[in-house]
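S.K.: Here is a sequence together with a model predicted from it:
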Amino acid sequence: MAKPVLTRESFLGGYKRTFESAELVEATGLSLVFVAEPLGGRSELERALAGKFGLRLPAPGASSLSDDGKARMIWLATGQFLIVFESGEFPETRRIAEELGDSAHVGEQTDNWVGLRLSGAAAEEALERICPVNIAKEAFPVGGVARTAMEHMGAIAIREANDGFLLLSSSSSAKSFLHAVQTSLENIH
Amino acid sequence: MIISHPLLGPRDSAEFVYLGDASLIGRPHAFDDDAMEKFYEYQFLRDNPDGVHRELWYHEQGDRSWLVVTRDTATHDILNVELARDVARQSGRGR
Amino acid sequence: MTQRNRIEGGLVDRSTTLRFSFNGKRMEGHPGDTLASAMLANGQHLMGRSFKYHRPRGVLAAGPEEPNALVTLRAGALAEPNTRATTTELFDGLEAMSQNHRLSLEFDLMAVNDFLSPFLSAGFYYKTFMWPKSFWEKVYEPFIRSSAGLGALSGEPDPDSYDKGFIHCDILIIGAGPAGLAAALTAGESGASVVLADEDFKIGGRLNAETHLVDDQPGADWAHAAAERLEAMNNVRVMTRTTIYGAFDHGIFGAIERRTDHLPDSGGKPRQILWRIYSKRSILCAGATERPIAFPDNDRPGIMLAGAARAYANRFGAAPGNRVAVFTCCDDGWRTASDLAANGIRVSAVVDTREGASAPSIPGAISKLGDAIVATRGRKRLTSIKLRSGGWIEVDCLAVSGGWNPNVHLSCHLRGRPTWRPDIAAFVPGGSIPPNMRVAGAANGDLKLSDAVSGGRAAAAEASGDLGFRPRLEEEIKSSDELAGIEECWSVRNASGRAWVDFQNDVTVKDIDVSAREGFRSSEMLKRYTTAGMATDQGKTANVVALALLAERTGKSIAEAGTTIYRPPYTPVAIGALAGRSRGKDFRPVRLTPSHRWAASQGAVFIETGNWLRAQWYPRPGETHWRQSVDREVLATRRSVGICDVTTLGKIEIFGRDAAEFLDRVYANGFKSLAIGKIRYGLMLREEGIVYDDGTTARLGERHYVMTTTTANAVLVYRNLEFARQCLWPDLDVHLISITDGWAQFSVAGPNSRDLLRKVVEPSFDLSNESFPFMACAETTAFGGVTSRLFRISFSGELAYEIAVPARYGNSMMDNLISAGREFEATPYGTEALGVMRVEKGHFAGNELDGRTTARNLGLGRMVSKKKDCIGGVLSERPALNRADAAKLSGFKPVDKSEALTAGAHFLSKGQDATMDNDQGWMSSVAYSPTFGHSIGLGFIMNGGGRRGETVRAVDFVRGKDVEVEIVSPHFYDPEGERQRG
């Protein structure tokens, strides 16, 4: 196959900036795969995910890591999930679809989302300016997932570590989303 | 207002879109003899109670679930929140 | 020495001097001062002019209730009018200007109003400016406009920024006075997450202004220590300079935190933050506000509330006067006398309306019991007061106490009504307070310190206990106690002269008389008729006095008369804070198409469509009018090939074993027979039978479809599909996920589109008409291996495709398509050309789908399948929607080809009058067609299908047009569709 002539451009040009007690970085290498549970097919899907990919279905408002720790499966909606991983470190959409066969409905979501990783001691304080959901540690432990709106944009916040969040939002408004998070970081302190 | 989502816990009502009376779940059968009359009632006739009201809210900025919220329209007390899908199934809706 | 009234003591930091100016006059103060306390320390009593009569006014209060001392703070664009000097924390370089006067504060031309007061009594707006009618616009309105209002806006954009935020807590405690601090300590120690908010910059509330002892130490010291203990608790957040301005449903509170108002400049940080606080429990410890007594000329500078007078002396080290008298109807007034005396201020007299008041001895003061003040003198500063018992006393300050009103406001924001407690002569929070709120301390009518402290602790113990925390209550907080006896006194009777009730709005006792006499006898009517309780202070000192007087005059008890409704905000909130970041280009998010950067580099003109920015047209050098660009783009596309970014169309992936069945029900036309690799056009109805959206759905696999919606309705369609999936047919196996942003999707249209695509699509993919015909779709690769989706659909009427690649490739795809298409002069086109081509082709769009049109109106009546159940199917058969003469989508062209058609024109038969009775329909879309060389239009006209060739008038009164048009087929261009199928 010929080499692609198209250039793949990240939505935010690989943004990266260090703030006082926080860092904000565009997650440029993420892959996102939509997995839905066919009606009545939960146990079959669970078996297939566990057997083939070492994945478990997360509970509402939560996520689960694959056995190899390479992929995180997040709860999107009843019967709907998103597998998030660094491209190349986990099987891609096509393979997941093939392997799961009739036990799942699988769709590609990668370019639908822009990802931002916000980390550092000030991360929570910055998010407090835009996130209406309680993301305090006690209410929102590592692995927690909150799908909500930030500055009028749909967003998903995932606590990946004690002081680290992955934020996902629609890729078309990536710049506005970055602006929202960045302004929060600039406004605190 | 805060709506206590059955799966996700308390969420600000700003995340939701309001539709109206939960009776909209009870869509009539299209091939009944009096379908036109039933659809007319279903679509256009609504109660507007000063008090307890079962109504549909959509968690648009969230998990996209439709909820049936039982709310007192006079006090905004929310008495119950259910997944509309469950309510629909309980009322006999299926395929 | 400028601070001639500065005295010993208080909580100001004398080691630092802050310089500020008032009306250009240079003054000095210290950290810990408010602007008002610093002005008093500098001997500046005259601070403003009253609203209506322009009476000279001094400070009345020492807190947020202040009606008089309103100033404009800062200068230029930063100027903020109507700022209360009593809550403005002093900073170095502060500039304040007085308001509401012509010429100067000292000599105000508008003070003539004071002599016109007989004409300006209650309801004067409604009485005075009625006649002659012709005077309204030229005389009265300009006069009212120029004299109304207090301060003036700068008229410039606000250079400050504002932010918003969300705080979650178990227990919100409102007010950090003795009750609030006791509550916070108890709640904090229980382990609950606590927010303690206070509007003041110093924790302590009245403890800072009083000489009470708590735990054997001065109250202010105890408060300071308590604040330090709270700050050390990880589960407690102490927010000073934060006003809880409103209570909303389900434990939500609005708060405004003033971050930089006390600093010389904001340093680029948000000036204020509007917080939404989500609490599980709340404890209102908002304290109480003192009220004045109405007596003649009780508004002179130097007359202030008794509690304020001692706050200035005790907390701020500023003497409110040099010879002070106290006028009271309650024990609390005596505390002012003793505190002032203890501060070395000469107290000349204490006048108590009560015959039997227990009168402590105040050194040097005469005590007058059962007496009252019946007159005062001194225009710009009080000089003397007259007692009913006879004789004038020379004083420069009169401290007045009519008792204390609990700050019930937040307990009433959910329409609760306070109840009257005769023993303290005040309203207290009533039975219907916001759920999960408790009220403690003076706000609850517990006016004694020990009651406030124990009430705060008890409320916090209950609240934390409710939430499963274990409060520890072993250590007692000891506190001194005080007398709090009162006998109601609202106004001094049988005294002549104007007696003020509402200082800010210049409402006097006489105005209340007039209101009652003229029939405005309910509290709400009184407010509207007299303006009592309006404007920036919302009558915090005035309301209870006004309605007590109204009750007297209408023969009701105060409890019966009741209060007006309390609404947020408790104190004014800047509009800028409510707007937060949503200003200018940040008003809402902007969505960019994948080819945005490329389009911008080409100099495209963009248009907002919802949140999207789309290329409207791409001007080329030499093109000076948009029509030149658009005509060129249309002709180039029709002649060869054009490319348009159509990513904004809603794209929804639909998965499931029952996806076909589902589509069949949500579209009016059938979808069950759609084969894999095929696309079908679909029409969506609302349940009442009206068309609301249309689009195409492609079947990519056995259980996999992708639906497109219009750009405008993407969100609505998705919502409705979820409704159908979850609420109507919960047991269909269907899943939805939006993919609008995931694919960069471009229309490649025109006779050379196939040849262009052949250059970029995977060579083995057969694009021939036979293997990839009109309405075919496929997943393949393009541009050397990039995953792509190919759809053979046409909005322009040409041979056309839509090609999609993952969005991150979109910008590059545009570049590559244009390069690959150079041999065909491939031309990018924008939304205008897109619109022109769709009108030429006769495709309807948003203008036609205006919420009233049926499939029949659109000429697609037969698409609504009667063989199946679909949303809108049954009600689309309503007789009124199916009249034989129903309006039909038709094409229109001007008889005189040089005429331009206008959308919105109505159709009339020739010779008929242009009246609604003769109305036959309307023009919905028009365009200049470069293909045909004249204006064309789409519209709806009665019986349209059968009237082709008829000439009617298109009348547009808005634009003054009356054009003869011929009714034609809506499909101007290639009516048989040969080009798109070719």
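M.R.: Thanks, I have it.

S.K.: how much space is there between residue A:44 and chain C?
M.R.: Computed as C-beta to the nearest C-beta, to the nearest Å, the residue A:44 to chain C distance reads 13 Å. Yep, even glycine has a C-beta here, placed from its N, CA and C like the rest.

S.K.: my read is that residue is in a helix, agree?
M.R.: Yes: checked against DSSP: H, G, I helix; E, B strand; the rest coil, residue A:44 lies within a helix.

S.K.: Return the per-residue confidence for it.
M.R.: In this model, residue A:44 is scored at 97, pLDDT.

S.K.: which stretches of chain B form strands?
M.R.: B:2-5, B:9-12, B:17-21, B:52-58, B:66-72, B:78-83 (DSSP state E).

S.K.: Residues contacting the last one, please?
M.R.: Strand B:78-83 is contacted by residues A:78, B:1-7, B:52, B:65-72, C:250, C:726 when judged by C-beta atoms under 8 Å, 6 or more residues apart in numbering or on different chains.

S.K.: center of chain B, which residue is that?
M.R.: residue B:56 (2.5 Å; C-alpha atoms, centre = their mean).

S.K.: ok, now which ones touch the nearest residue to residue C:694 once chain neighbours are set aside?
M.R.: Excluding its sequence neighbours, the residue lying closest to residue C:694 (C-beta to C-beta, 6 or more residues apart in numbering or on different chains) is residue C:683, at 5.1 Å. For residue C:683, the contact set (C-beta under 8 Å, 6+ apart) comprises C:667-669, C:691, C:694, C:855, C:860, C:863-864.

S.K.: could the strands of chain B go into JSON lines alongside mean pLDDT?
M.R.: Converted to JSON lines, these look like this (pLDDT from 0 to 100):
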{"stretch": "strand B:2-5", "mean pLDDT": "98"}
{"stretch": "strand B:9-12", "mean pLDDT": "97"}
{"stretch": "strand B:17-21", "mean pLDDT": "96"}
{"stretch": "strand B:52-58", "mean pLDDT": "98"}
{"stretch": "strand B:66-72", "mean pLDDT": "98"}
{"stretch": "strand B:78-83", "mean pLDDT": "98"}
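
S.K.: quick one, which of the ones you listed is packed in tightest?
M.R.: strand B:66-72 (a mean of 21; mean count of other C-beta atoms under 10 Å in any protein chain shown).

S.K.: before we move on, back to that, in what helix or strand does the residue nearest to residue C:694 lie?
M.R.: Using DSSP states H and E, residue C:683 maps to strand C:679-685.

S.K.: Mind listing what's buried along that strand?
M.R.: Neighbour counts over strand C:679-685 (16 or more other C-beta atoms under 10 Å in any protein chain shown) mark C:679-680, C:682-685 as buried.

S.K.: most distant residue from the middle of chain B?
M.R.: Within chain B, residue B:33 marks the point farthest from the mean C-alpha position, 26.6 Å out by C-alpha atoms, centre = their mean.

S.K.: List the buried residues of stretch C:519-527.
M.R.: Within stretch C:519-527, judged by 16+ other C-beta under 10 Å, the buried ones are C:520-523, C:525-527.

S.K.: ok, now stretch C:67-77?
M.R.: Within stretch C:67-77, the residues scored as buried using 16+ other C-beta under 10 Å are C:67-74.

S.K.: now those in CSV, with distance to chain B, pLDDT and secondary structure?
M.R.: Listed next are these as CSV, based on distance: C-beta to the nearest C-beta, whole Å; pLDDT from 0 to 100; DSSP: H, G, I helix; E, B strand; the rest coil:
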residue, distance to chain B, pLDDT, secondary structure
C:67, 33, 96, coil
C:68, 38, 95, coil
C:69, 38, 96, coil
C:70, 34, 95, strand
C:71, 36, 95, strand
C:72, 35, 95, strand
C:73, 33, 96, strand
C:74, 33, 94, coil
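
S.K.: What's the mean pLDDT across stretch C:215-233?
M.R.: The average pLDDT within stretch C:215-233 is 96.

S.K.: Which helix runs longest in chain A?
M.R.: helix A:174-187 (DSSP state H).

S.K.: And chain B, is it touching that?
M.R.: No: Helix A:174-187 lies out of reach of chain B by C-beta under 8 Å from any C-beta of the partner chain, never closer than 13.7 Å.

S.K.: In the stretch 401-550 of chain C, mark out all the strands, start to finish.
M.R.: For the stretch 401-550 of chain C, the strands defined by DSSP state E, counting those that start in this stretch occupy C:404-406, C:419-421, C:426-428, C:437-439, C:500-502, C:507-508.

S.K.: Might you report the residue contacts of residue 22?
M.R.: Just so you know, I chose chain A. Going by C-beta under 8 Å, 6+ apart, residue A:22 touches A:118-123, A:126, A:185.

S.K.: Chain C was what I was after
M.R.: C:35, C:39, C:44, C:47, C:71, C:96-98 are the contacts of residue C:22 under C-beta under 8 Å, 6+ apart.

S.K.: rewinding a little: now the contacts of residue A:22 as TSV including secondary structure, neighbour count and distance to residue B:82?
M.R.: TSV is the format used below for the contacts of residue A:22 (DSSP: H, G, I helix; E, B strand; the rest coil; neighbours: other C-beta atoms under 10 Å in any protein chain shown; distance: C-beta to C-beta, whole Å):
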residue	secondary structure	neighbour count	distance to residue B:82
A:118	strand	25	35
A:119	strand	18	38
A:120	coil	19	40
A:121	coil	11	40
A:122	coil	19	39
A:123	helix	27	35
A:126	helix	26	35
A:185	helix	24	39
